[in-house]
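A.B. asks: sequence-free structure coming up:
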């Protein structure tokens, strides 16, 4: 398994949450299909939200990936990469509206479309990549523990300054 850029991992998890949230519990496929259709129509017309996850949401059920290994390589770098190269690794040739959407997002929002395509790929292929372990246990292993120790002299000086803020007369209280 390959590690991917943390932002792509985040976007993939967010996409999963959006899809599950739209489907609901119990799943309502009609609501989901309505949402996807609205997004596809918006992006096909050249409009749509400037949001990687919404674009990936519109793509996820219509996109076909022709170069999975290449897309995994592209997932190492969130900001860089050649959009045209990524566009050649996937398509939405299954239906006319999907194809129109794909062409419109690639022409109108190339950088975001690149990120959305890679995000949709990662969402649909979770077994091909792994996320950095961001659990509290893992984060604690890397912590040197020096946050818990206070420097007594610095704490005392800050305390005197703090008290002085409320001492309007600059002297003792009556």
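C.D. replies: Nice, thanks for sending it over. All values reported here derive from a predicted model rather than from experimental measurement.
A.B. asks: report the contact partners of residue 72.
C.D. replies: With Cβ atoms under 8 Å, 6 or more residues apart in numbering as the criterion, the residues that contact residue 72 are 2, 4, 128, 129. (C-beta placed from N, C-alpha, C; glycine too.)
A.B. asks: from residue 48, how far out is it?
C.D. replies: 26 Å (Cβ to Cβ, to the nearest Å).
A.B. asks: quick one: residue 108 and residue 100, what's the gap?
C.D. replies: Distance from residue 108 to residue 100, by Cβ to Cβ: 12 Å.
A.B. asks: who has more neighbours, the two?
C.D. replies: For residue 108 versus residue 100, the count of surrounding residues by other Cβ atoms under 10 Å is larger for residue 100: 17 against 14.
A.B. asks: what's the burial count for the closest residue in space to residue 29 that isn't next to it in sequence?
C.D. replies: Here the nearest residue to residue 29 in space, its sequence neighbours aside, is residue 23; by Cβ to Cβ, 6 or more residues apart in numbering that works out to 7.2 Å. In terms of burial, residue 23 registers 14 neighbours under the definition other Cβ under 10 Å.
A.B. asks: pLDDT at residue 23, what is it?
C.D. replies: Per-residue confidence for residue 23 comes out at a pLDDT of 91.
A.B. asks: hang on, isn't it packed against residue 34?
C.D. replies: No - because the distance of 11.6 Å does not satisfy Cβ atoms under 8 Å, residue 23 is recorded as not touching residue 34.
A.B. asks: tell me which stretches of this structure form helices.
C.D. replies: Applying DSSP state H to the chain gives helices spanning 6-23, 29-44, 52-60, 68-74, 83-87, 96-108, 110-124, 136-141, 152-166.
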